[in-house]
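# How does the following fold in three dimensions:
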Amino acid sequence: MIVTERFSLPQKQVPLSKTIIAYSELYLIMAMTTVQLRPETKEKLDHLKIHPRETYDKLIDRLADAAFDDENLTAEEIEDIRASEKDIAAGRTRSLRDIMKDLGDDKAIRSMVE
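The predicted structure is shown next:
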């Protein structure tokens, strides 16, 4: 009832832009849903915003689009993955520590030990 009264057609002459904004707000109110988040999750989302006024809807939509890969793997990529799986199964792997040593990154190696 309150929403209907608040967004009813104006009785006096109101600029069209304000009327459109009012009706778009009504649509948004009707189309929204509530999601419960832990405070830690909300804080993580806040840090992922492009700008402080980005809505959570836009943020989550952007993150979902980034997470979804609509391109199929090529035959070559599938072959490379299978070859990598065979290498891992055969024990043909190297630790990150060994690779870092080969690259001469002693600082990173020391920080991994601590």
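# Against residue 87, how distant is residue 77?
16 Å (Cβ to Cβ, to the nearest Å). (Each C-beta comes from the backbone N, C-alpha and C, glycine too.)
# And for residue 62?
Applying Cβ to Cβ to residue 62 and residue 87 gives a distance of 36 Å.
# who's more crowded, the two?
Higher neighbour count among residue 62 and residue 87: residue 62, with 14 against 11, using other Cβ atoms under 10 Å.
# Any chance you could list what contacts stretch 40-51?
The list of residues contacting stretch 40-51 from outside it, by Cβ atoms under 8 Å, 6 or more residues apart in numbering, reads 37, 56, 59-60, 62-63.
# Residue 93 contacts residue 86, doesn't it?
No: between residue 93 and residue 86 there is no contact, the gap being 11.5 Å when judged by Cβ atoms under 8 Å.
# Just flag the most distant two among the contacts of stretch 40-51.
Checking the contacts of stretch 40-51 against each other with Cβ to Cβ, the farthest-apart pair comes out as 37 and 62, at 16.7 Å.
# For residue 87, which non-adjacent residue is spatially closest?
residue 93 (6.9 Å; Cβ to Cβ, 6 or more residues apart in numbering).
# Can you tell me how far that neighbour is from residue 59?
From residue 93 over to residue 59 (counting by Cβ to Cβ), the distance is 37 Å.
# before we move on, what about residue 48?
Using Cβ to Cβ, residue 48 is found at 6 Å from residue 59.
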